[in-house]
Every structure is written in structure tokens, then in C-alpha cells.
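S.K.: Predicted coordinates and the sequence they were generated for:
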Amino acid sequence: MIIKTLVEDTTSKEGLKPEHGLSLYIETSGKRILFDSGASGLFMENAIKMGIDISNIDYAVISHGHNDHGGGLERFLEANSKVEVFIHSNAFNKHYSLRNGKMEYIGLDEKLRDNKRLIYVKGRFFIWKNIEVISDVKVKMPLPVTNGNLYVENNGDIVLDDFSHELNLSISEENRYFLFTGCSHNGIVNIMEHYKELKGCMPQFVIGGFHLANRNYTPTEDDAYIKELLKYMSGLQSVFYTCHCTGQDAFGILSKVLKDKISYLNTGKEININ
């Protein structure tokens with residue numbers, strides 16, 4: 001499997017620009033997948049510089065209904081005229097973030113809702129024989145505290161988001177099991193436990209954001225959520241590649257304990273897992 005980070009909040013590659021958002025390019029079993037499209041068309045610019053032809057993508061997945069993961073969707077649909085885009089049936093609900101006392105819209109572009117190439121899914125849905133999307137995660141453990149400022153419109157009222165619109169991507173390849181998360185709003189522990197319940201095993205590789213930080217919150221080593229997360233992750237054989245909403249501070253805390261079991265994916269980073 002080959003994974004290339006088209007867009008993330010940071011970059012270490014000259015000539016590639018970062019933005020607050022996420023977009024991953026994945027090659028597996030002869031298939032090419034776009035997982036999220038970042039906040040704008042920047043993922044396209046970076047893809048060109050990285051030698052990736054977006055018109056050759058076979059499948060696209062938008063992990064949830066926030067514009068830092070689906071803001072580049074229109075640009076993708078223009079650049080690739082054939083591919084179906086898999087997205088949760090609740091993704092186009094109206095999503096907001098409470099910032100400086102005001103509700104700021106952070107949802108997807110409403111005009112794309114009825115695009116015929118969007119395939120609305122929920123639960124467990126197979127895209128191809130070894131590629132599936134998973135939602136309806138059972139919440140058994142606490143959710144990230146950083147969810148507290150995120151809202152959704154429900155029957156005309158603005159209420160705390162329940163993140164029912166979140167999809168995770170599962171890929172198996174030659175007895176290796178991969179789990180891709182956009183932001184893990186449902187909690188990475190809950191998501192991994194849900195994966196285990198469905199698949200009968202833990203993923204060997206977990207790639208994506210864990211939503212441990214935002215503009216109003218910086219985690220510390222004393223945070224109860226971080227402590228429980230570290231206890232859980234330390235007991236697994238899984239290898240983690242994280243990015244975006246995990247945040248650099250949280251990554252530093254996690255890497256002190258997990259060491260070489262966790263790496264950071266910034267813009268332009270390429271991983272080849274044989």
C-alpha cells in the first residue's frame with residue numbers, strides 16, 4: 001500500500017502548501033483512492049506537484065460533513081469526470097462551530113448535495129471486495145473534549161453534533177488491515193473497537209486524525225482523555241500514522257510513550273507499506 005498526504009495542516013516539503021484540513025491519496029490492490037479533499041482545491045495543486053493524476057482516481061470517500069475535509073469536493077468532481085464519491089447520508093446536514101461566541105458554518109457546499117455521482121451510505125458498505133466504509137460507531141468510551149464546540153442543525157434547532165455523519169475507511173491487503181479516519185469525532189478508541197467487532201481483529205495500521213486539539217484547546221500530559229488513550233494504544237500491536245486534528249502537542253505526548261509505533265503525516269509525506 002502507498003499513502004501520500006496531499007493536504008494537512010503542516011508541511012516539510014518545499015513547494016507544497018499546507019492548509020487546515022486533510023486529503024490522502026491511497027494506492028491498494030491496483031485501486032487508487034482519494035480520502036477527503038481538504039478545505040479547498042489545494043489538494044489538486046499539491047497532487048500535480050507530487051506527480052499524482054487526480055483524473056485516474058478510482059474511488060473517493062469524504063469522511064464527514066465538515067468543510068476542512070470536503071471543501072475541495074467540487075474541484076475533485078471537475079477534475080475527475082467518472083468517479084463515484086462515497087459519503088454519509090447525513091453529511092450535508094448543516095454543521096457549525098462555536099467560535100468567539102458565534103456560530104460559524106463549517107458544513108459542505110449545499111449545491112453539491114444532489115450531484116448524481118455522490119453515493120450516500122451508512123452502516124457498513126463495501127465499495128470493492130476489500131475496501132469498505134464503516135459508520136454507526138457505538139460510543140462506549142468518552143468522546144474527545146474537542147467535540148464540545150461542534151454543532152448541527154436538527155429540525156430548526158442548533159444542537160451538539162452527534163457525529164452520525166462520520167465515515168471511516170477499512171482496507172485489507174494481503175493479510176494486512178488498515179483503518180483510515182478523518183477526525184475520529186466518535187473517538188478513536190470507539191472506532192477501533194467498532195472495527196474489531198465488525199472484522200474480528202484489530203487493524204494493524206491506523207491512519208488519520210484523532211481530534212485531540214483545536215484552536216481553543218491544547219492537550220497536556222495530565223489530561224484524563226490522553227492518559228486513557230495512551231493506556232489503550234500502548235496495549236495494542238497497531239502502528240499509528242496521525243495528522244491534522246491530532247495536533248503537534250498531542251502527537252508529542254503520544255510519541256513519548258508509543259515511540260516508533262506512531263508517526264506524523266504532514267503534507268507531502270509518503271508511506272510505502274509492503
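M.R.: Good, I have the coordinates.
S.K.: Alpha carbons only: can I get stretch 43-58 in PDB?
M.R.: This file holds the C-alpha atoms of stretch 43-58, laid out as PDB (Å, rounded to 0.1, in the frame of the first residue of the first chain):
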ATOM      1  CA  PHE A  43      -5.000  19.200  -2.700                       C
ATOM      2  CA  MET A  44      -5.100  19.300  -6.500                       C
ATOM      3  CA  GLU A  45      -2.200  21.700  -6.700                       C
ATOM      4  CA  ASN A  46      -0.100  19.500  -4.400                       C
ATOM      5  CA  ALA A  47      -1.100  16.400  -6.300                       C
ATOM      6  CA  ILE A  48       0.200  17.800  -9.500                       C
ATOM      7  CA  LYS A  49       3.500  18.600  -7.900                       C
ATOM      8  CA  MET A  50       3.700  15.100  -6.400                       C
ATOM      9  CA  GLY A  51       3.000  13.500  -9.800                       C
ATOM     10  CA  ILE A  52      -0.500  12.300  -9.000                       C
ATOM     11  CA  ASP A  53      -3.100  12.400 -11.700                       C
ATOM     12  CA  ILE A  54      -6.500  13.000  -9.900                       C
ATOM     13  CA  SER A  55      -8.400  12.100 -13.100                       C
ATOM     14  CA  ASN A  56      -7.100   8.500 -12.600                       C
ATOM     15  CA  ILE A  57      -8.700   8.100  -9.100                       C
ATOM     16  CA  ASP A  58     -11.000   5.000  -8.900                       C
END
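S.K.: Pick out the residue closest to the middle of the protein.
M.R.: Computing the C-alpha centroid of the chain and ranking residues by CA atoms, centre = their mean puts residue 182 first, at 1.0 Å.
S.K.: Run through who's touching stretch 264-274.
M.R.: Stretch 264-274 is contacted from outside by 1-13, 16-18, 24, 46, 50, 176, 205, 207, 241-243, 248, 251, 255, using CB atoms under 8 Å, 6 or more residues apart in numbering. (Glycine included, C-beta is placed from N, CA and C.)
S.K.: Would you mind listing the buried residues in that stretch?
M.R.: 264, 265, 266, 267, 268, 269, 271 (16 or more other CB atoms under 10 Å).
S.K.: of the contacts of stretch 264-274, buried ones?
M.R.: Here, 16+ other CB under 10 Å leaves 1, 3-11, 13, 16, 18, 24, 46, 50, 205, 207, 241-243, 251, 255 buried among the contacts of stretch 264-274.
S.K.: contacting residues around the nearest residue to residue 197 once chain neighbours are set aside?
M.R.: The shortest distance from residue 197 to any non-neighbouring residue, by CB to CB, 6 or more residues apart in numbering, is to residue 138 (7.6 Å). Applying CB under 8 Å, 6+ apart to residue 138 gives the contacts 190, 193, 194, 197.
S.K.: didn't residue 210 look like it was pressed against residue 185?
M.R.: No. Here residue 210 lies out of contact with residue 185, judged by CB atoms under 8 Å, at a distance of 9.9 Å.
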